[in-house]
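> With the sequence up front, the predicted model follows.
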Amino acid sequence: MASQLAGDVARRRTFAIISHPDAGKTTLTEKLLLFGGAIQLAGEVKAKRNRVQSRSDWMKIERERGISVVTSVMTFEYGGNVFNLLDTPGHEDFSDDTYRTLTAVDAAVMVIDAAKGIEPRTLKLFEVCRLRDIPIVTFVNKMDRESRDPFEILDEIEQKLALDTAPVTWPIGRAKTFAGTWNMAAGTVRREDSQIDPVPVNGPESDGVSGLLPENERETFIEEATLAQEACRPFDRQAFLEGHLTPVYFGSALKNYGVRDLIEALGDFAPSPRAQESDKRLIEATEPALTAFVFKIQANMDPNHRDRIAFVRVCSGSLNRGMKAKLVRTGKSMTLSAPQFFFAHQRQLADNAVAGDVVGIPNHGTLRIGDTLTEGEDLLFRGVPNFAPEILRRVRLGDAMKAKKLREALQQMAEEGVVQLFIPEDGSPAIVGVVGALQLDVLKERLKQEYGLPVDFEAARFNVCRWISHEERGQLEAFMQKHRQAIARDLDGDPVFLAENAFSLNYEADRAPGMTFDEIKDYQ
Ligand code: G4P
């Protein structure tokens, strides 16, 4: 049994794709699923933009704006490995969702547009990965178009990200003459992804490599490819796993080049599920007892059943259908009667999941973001972050009779992580906080569609919010008493200080030595 579990865990690769919008994340996802046999037809993922049947009405926002709001998970198999690809919203207004998802992966693929190089959002997401020591595989996409010189791209990654690069493949030609990829280390060529097995070749001069190019391009290619092989850093797996070096692959997701190289790289080099830090001890992925944490909640995926799906990352042991697990936050036991796997657009009951797997657990509000599930042990996984919102609003309701319903709806939205909810200590109306303005649109649409509550937002007096604490409880209470009109409680009852602007926040902070004002709070 133990060796079966270890074998199953070793085959898991759980990763996310990070990129700037338009670099090709959706196209690449579609091709990964296609080659992994998870979808029959290319275009299914893409079709999300104009799907006739929406999963629920609020996803209209997604369709109208052509952005992916929802994070979901897709599982596929390739070369004996099981890949769990966690999709993240492309738009920066939903970045808190993306950051939470990155707590549940073991590796990331960074997609770069070959003509544009490192763009702002790539940089930001890369920084989040670096904070968490997530190893990164780089895919330089759109080589079928006019692009930058590959050396220049490598140099930009090294300079802007302070990350060593090791090109594993080298593009044969560019733009119109792009003809495939040469794997420098393995000495093989793959002309396109329909070719499953790469062909062994004898160096860049050989017919199988430069021979694929028009005569007038061959010499330059041979020079460049020889230089790449001799002068670039060789791939070093340890440095990659520690997050100091990224292996680089070139391709075109649209035209089916380099995608198989990428899947194979993930299979060969990306880590299997890693040990996870808890507040008590390090949990090894191959330990027999189940541990797992919730990193995302998605409500009303099926509008006919007001269900909520909690996305759970298994950290150790196995999650079996029908088993009982302890929800450590409450100490109560819950039966996992219908855990689900997701394959592209389909769901399937999950009989058994192991470390690295992500399963959806339907529930009616029992599970919250950051929750830990175990087989009885009292331990908590920390580090699913909560970011201080950058926009604070009061919710104005046309019909005052529905105030209680609104409070309940807001509470549910906050539990899902759609917004943060702050209840002022002085009894004034609740304040909602979001990281990006589009989240307010989602909130408004969902309150209307799902709860029949048409609302508007009005500016709150406050624009900045920080979680406050002090080593001495009395000092914290004194501060809260003194600033009662600027104190609110979050969903967990933790106190926050609200300020009109950064200046007044700093002013008060200077006058309250020993008080901590936090911009990030871990869930729990
Ligand atoms: P995103 O999810 O990162 O935002 O990017 P997405 O895959 O939607 O790709 C953005 C655009 O870039 C799309 O074109 C897509 O077809 C194109 N694209 C993706 N990969 C490649 C590639 O390897 N080569 C080339 N030449 N183009 C690529 P669009 O015109 O914006 O959308 P559509 O009309 O094709 O759907």
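It's in.
> use CA for all of it now, contacts and neighbours both
Noted.
> Enumerate the residues of this protein near the ligand.
21-27, 141-142, 144-145, 252-255 (Cα under 6 Å from any ligand atom).
> Helices along the stretch 101-250 of the chain, start to end?
Under the criterion DSSP state H, counting those that start in this stretch, the stretch 101-250 of the chain contains helices at 120-131, 150-161, 215-231, 237-241.
> weakest of those in terms of mean pLDDT?
In terms of mean pLDDT, the lowest-scoring of these is helix 120-131 (a mean of 89).
> Listing request: residues of the protein with sub-threshold pLDDT.
Residue ranges of the chain with pLDDT under 70: 1, 38-71, 90-91, 300-306, 343-346, 522-524.
> Mean neighbour count and distance to residue 450 for the helices of the stretch 101-250 of the chain - can I get that in CSV?
CSV is the format used below for the helices of the stretch 101-250 of the chain (neighbours: other Cα atoms under 10 Å; distance: least, Cα to Cα, whole Å):
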stretch, mean neighbour count, distance to residue 450
helix 120-131, 17, 32
helix 150-161, 16, 43
helix 215-231, 15, 56
helix 237-241, 17, 44
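> circling back to that earlier point, helices - which of the residues of the chain next to the ligand land there?
Here DSSP state H is the test, and these give 25, 26, 27 as lying in helices.
> Out of the helices of the stretch 101-250 of the chain, which gets nearest to residue 514?
Across the helices of the stretch 101-250 of the chain, residue 514 has its closest neighbour in helix 120-131 (26.4 Å, Cα to Cα).
> how far is that closest one from where the chain is centred?
11 Å (Cα atoms, centre = their mean, to the nearest Å).
> Next, the angle helix 150-161 makes with that helix.
Computed with axes from the mean of the first three to the mean of the last three Cα atoms, to 10 degrees, the direction of helix 120-131 lies at 60 degrees from that of helix 150-161.
> Could you pull out the strands in the stretch 201-350 of the chain for me?
245-250, 276-277, 282-283, 291-299, 308-316, 318-320, 324-327, 332-335, 340-343, 346-349 (DSSP state E, counting those that start in this stretch).
> Using TSV, lay out these together with distance to residue 433.
Listed next are these as TSV, based on distance: least, Cα to Cα, whole Å:
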stretch	distance to residue 433
strand 245-250	36
strand 276-277	29
strand 282-283	34
strand 291-299	18
strand 308-316	22
strand 318-320	35
strand 324-327	27
strand 332-335	30
strand 340-343	31
strand 346-349	32
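> would you turn these into TSV with mean neighbour count and distance to residue 408?
Output for the strands of the stretch 201-350 of the chain, formatted as TSV (neighbours: other Cα under 10 Å; distance: least, Cα to Cα, whole Å):
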stretch	mean neighbour count	distance to residue 408
strand 245-250	25	46
strand 276-277	16	34
strand 282-283	15	36
strand 291-299	27	14
strand 308-316	27	15
strand 318-320	23	31
strand 324-327	21	22
strand 332-335	13	23
strand 340-343	22	27
strand 346-349	13	29
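> picking that back up, buried subset of the residues of the chain next to the ligand?
With neighbours counted by 16 or more other Cα atoms under 10 Å, those contain buried members at 21, 23-27, 141-142, 144-145, 252-254.
> which two in the residues you listed are spaced the farthest apart?
Taking Cα to Cα, no two of these sit farther apart than 21 and 144, at 18.5 Å.
> quick one: the closest residue to the ligand within the stretch 251-400 of the chain from residue 79, how far?
Nearest residue of the stretch 251-400 of the chain to the ligand, counting by Cα to the nearest ligand atom: residue 252, 3.3 Å away. From residue 252 across to residue 79, the span is 21 Å (Cα to Cα, to the nearest Å).
> do residue 400 as well
According to Cα to Cα, residue 400 stands 59 Å off from residue 79.
> hang on, isn't residue 267 packed against residue 13?
Yes: with contact defined as Cα atoms under 8 Å, residue 267 reaches residue 13; the gap is 7.1 Å.
> Give the intersection of the neighbour lists for those two.
Here residue 267 and residue 13 share the contacting residues residue 81, scored by Cα atoms under 8 Å, 6 or more residues apart in numbering.
> The two: who's more crowded?
For residue 267 and residue 13, the more surrounded residue by other Cα atoms under 10 Å is residue 13, and the numbers stand at 27 against 20.
> any idea which element the more buried one lies in?
Following DSSP states H and E, one finds residue 13 within strand 12-19.
> next one: residue 95
If you go by DSSP H and E, residue 95 is part of helix 95-102.
> Show the contacting residues for residue 285.
Neighbour list for residue 285: 9, 273, 274, 275, 276, 315, 316, 317, 355 [criterion: Cα under 8 Å, 6+ apart].
> pretty sure the last one contacts residue 289?
What it means is residue 355. No: using Cα under 8 Å, residue 355 is not in contact with residue 289, being 10.6 Å away.
> Can you give me the first-to-last residue distance of stretch 452-471?
First-to-last residue span, stretch 452-471, Cα to Cα: 44 Å.
> same question, stretch 139-159
17 Å.
> what distance separates it from the centre of its chain?
Offset of stretch 139-159 from its chain centre (Cα atoms, centre = their mean): 24 Å.
> which residues are in contact with it?
23-24, 109-118, 163-165, 171, 174-178, 248-255, 262.
> how near is the nearest residue to residue 118 once chain neighbours are set aside to residue 366?
The shortest distance from residue 118 to any non-neighbouring residue, by Cα to Cα, 6 or more residues apart in numbering, is to residue 112 (6.5 Å). According to Cα to Cα, residue 112 and residue 366 sit 40 Å apart.
> Those two - which one has more neighbours?
Using other Cα under 10 Å, the more surrounded residue of residue 112 and residue 366 is residue 112, with 26 against 13.
> Extract the C-alpha set from stretch 381-392 and format it as CSV.
Provided in CSV are the C-alpha atoms of stretch 381-392 (Å, rounded to 0.1, in the frame of the first residue of the first chain):
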residue,chain,number,x,y,z
PHE,A,381,-1.6,24.8,6.7
ARG,A,382,-0.8,28.4,6.6
GLY,A,383,0.1,30.7,3.8
VAL,A,384,-3.1,31.0,1.7
PRO,A,385,-2.9,34.8,1.6
ASN,A,386,-5.5,37.5,2.1
PHE,A,387,-4.5,40.9,0.7
ALA,A,388,-5.5,44.2,2.1
PRO,A,389,-8.1,45.4,-0.4
GLU,A,390,-7.3,48.5,-2.4
ILE,A,391,-10.8,49.6,-2.9
LEU,A,392,-13.3,50.0,-0.1
